[in-house]
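> coords please:
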Amino acid sequence: MKGMTNNQIIMNEAAKLDPATLHAIATAHHTPEQIAAMAANAVTTDENGDEQPATIADVEIILAAAELHTFDHWKKEGKSVKKGETHLIECYLWKYTTRPSKAQREAAEAEGKEAAPAPHFYPTKSHLFSCLQVHDAKQAPAGRFGSVAAIMEYNKKLAAERKAAKAAAEQAAPIITEEHHELPELVHVDPLPTKKAAKKASKPTAPKATKKPAATKKAAQASAQPAPDALRKAEREAKAAFLAVPETDRKGQAAALDAWRKTRKAVEDAKQAPAAVAVPDEAPVKQLDFESIAAGLLA
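Just a heads-up that it's a prediction; the model follows:
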């Protein structure tokens with residue numbers, strides 16, 4: 001490898017390939033007739049420096065070596081290696097760099113200096129692919145916009161479309177009205193009056209001390225219970241208080257609704273309770289003097 005160029009290294013490595021592979025690579029861009037014509041006009045130099053007539057195999061080696069390159073080289077040519085292909089040749093090629101070597105960097109660091117660039121070639125392992133193993137790489141899609149002005153024009157178009165869509169949506173949007181549904185007012189119906197049972201005529205008896213604890217108790221219960229009209233009025237006031245609470249005040253609505261429900265329940269309970277019947281006070285019964293009445297009848 002020392003003293004040899006990259007082309008010479010590749011040609012020496014290509015000569016190690018089997019003849020069928022070399023022929024396939026060489027004929028990829030040259031016809032057999034062209035190869036034969038080239039061999040007839042070419043000569044080779046042996047190790048001693050003597051010239052010898054070139055053969056078709058010699059020409060195919062030269063042509064095949066010209067079609068063997070690394071992955072990076074093919075990429076620069078706009079080619080990419082086909083999927084599943086492996087390299088034909090693995091060898092060391094010279095690579096150029098200006099980076100100082102490790103020894104140079106350590107020496108400069110010991111002196112407290114920065115290592116200066118050191119242009120040189122160094123051998124690196126390389127993998128070669130033939131022209132039969134690559135194809136045209138997919139071209140990158142062309143840019144959507146050719147200039148900044150085109151981008152600005154496109155943005156203006158998008159803004160106009162969004163503005164038109166928003167205006168159309170506002171015109172087509174239905175008008176939503178808020179509805180308030182009030183509960184129907186409860187109507188109180190007084191119970192039908194009941195007929196009092198007729199009292200049977202009884203014989204006059206001597207007056208007795210009359211106690212009316214039951215009537216007094218019933219009267220106290222009747223007076224303790226609020227009148228139906230007052231309950232209905234309280235229920236209407238509770239309802240009005242509930243409707244007056246703003247919808248945003250959820251806590252106030254809940255408290256007002258609870259008060260309204262309690263007054264409605266009180267009205268319902270009053271409906272179910274039997275109506276209080278007033279018991280008239282009995283007039284005191286006078287005791288008759290039967291002897292006086294008998295003397296008057298006999299006179």
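> hmm, who's touching stretch 2-9?
With CB atoms under 8 Å, 6 or more residues apart in numbering as the test, stretch 2-9 has contacts from 1, 12, 65, 91-94. Glycine gets a C-beta too; all of them are placed from N, C-alpha and C.
> Now it: buried residues?
6, 9 (16 or more other CB atoms under 10 Å).
> and what of stretch 96-109?
residue 100.
> ok now that stretch, how far from the chain's centre?
With CA atoms, centre = their mean, to the nearest Å as the basis, stretch 96-109 stands 55 Å off its chain's centre.
> What would it look like as CSV? C-alpha coordinates only.
What follows is stretch 96-109 as a C-alpha-only set of coordinates in CSV (Å, rounded to 0.1, in the frame of the first residue of the first chain):
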residue,chain,number,x,y,z
TYR,A,96,-6.9,13.4,3.5
THR,A,97,-7.2,15.4,6.7
THR,A,98,-5.8,18.6,8.3
ARG,A,99,-6.3,17.4,11.9
PRO,A,100,-3.1,17.0,13.8
SER,A,101,-2.2,13.5,14.9
LYS,A,102,-2.5,12.3,18.5
ALA,A,103,1.2,12.7,19.2
GLN,A,104,1.2,16.3,17.8
ARG,A,105,-1.8,17.2,20.0
GLU,A,106,-0.2,15.8,23.1
ALA,A,107,3.1,17.6,22.4
ALA,A,108,1.3,20.9,21.9
GLU,A,109,-0.7,20.4,25.1
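> quick one: average confidence on it?
The average pLDDT for stretch 96-109 rounds to 90.
> do stretch 235-250 as well
For stretch 235-250, the per-residue pLDDT averages 84.
> buried ones in it?
Buried, per 16+ other CB under 10 Å, within stretch 235-250: 235, 238-239, 241-242, 245.
> List just the nearest of the residues you listed to residue 46.
residue 245 (114.0 Å; CB to CB).
> So what touches the longest strand along the chain?
What stands out as the longest strand in the chain, according to DSSP state E, is strand 120-130. If you take CB under 8 Å, 6+ apart as the criterion, strand 120-130 is touched by 1, 10, 13, 21, 25, 28, 64, 67-71, 74, 81, 85, 87-97, 101.
> Note down every partner strand of that strand and its orientation.
strand 68-70 (antiparallel), strand 89-97 (antiparallel) (DSSP bridges).
> ok, back up a step: separate out the buried members of the contacts of strand 120-130.
10, 13, 25, 64, 67-70, 74, 81, 87-89, 91, 93.
> Could I have the CA atoms of the longest strand of the chain written out in PDB?
The C-alpha coordinates for strand 120-130 follow below in PDB (Å, rounded to 0.1, in the frame of the first residue of the first chain):
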ATOM      1  CA  HIS A 120      -1.700  14.600   5.700                       C
ATOM      2  CA  PHE A 121      -3.100  11.300   4.300                       C
ATOM      3  CA  TYR A 122      -3.900   8.400   6.600                       C
ATOM      4  CA  PRO A 123      -5.200   4.900   5.700                       C
ATOM      5  CA  THR A 124      -8.800   4.000   6.600                       C
ATOM      6  CA  LYS A 125     -10.800   0.900   6.000                       C
ATOM      7  CA  SER A 126     -13.100   1.300   3.000                       C
ATOM      8  CA  HIS A 127     -15.800  -0.800   1.400                       C
ATOM      9  CA  LEU A 128     -16.300  -0.700  -2.400                       C
ATOM     10  CA  PHE A 129     -19.500  -1.200  -4.400                       C
ATOM     11  CA  SER A 130     -19.700  -1.700  -8.200                       C
END
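> how about the strands in the stretch 51-200 of the chain?
For the stretch 51-200 of the chain, applying DSSP state E, counting those that start in this stretch gives strands covering 51-53, 68-70, 79-81, 89-97, 120-130, 134-136.
> mean confidence score for the longest helix seen in the chain?
Ordering each helix of the chain by length in residues (DSSP state H) puts helix 148-172 first. Helix 148-172 carries an average pLDDT of 89.
> same check, this time on stretch 268-278
Mean pLDDT, stretch 268-278: 69.
> Redo the contacts of stretch 2-9 as CSV? Include distance to residue 37.
Below are the contacts of stretch 2-9 laid out as CSV (distance: CB to CB, whole Å):
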residue, distance to residue 37
1, 33
12, 25
65, 19
91, 31
92, 35
93, 31
94, 33
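> Out of the residues you listed, the closest to residue 114 would be?
residue 94 (26.5 Å).
> which residues does the closest one contact?
5-6, 121-124.
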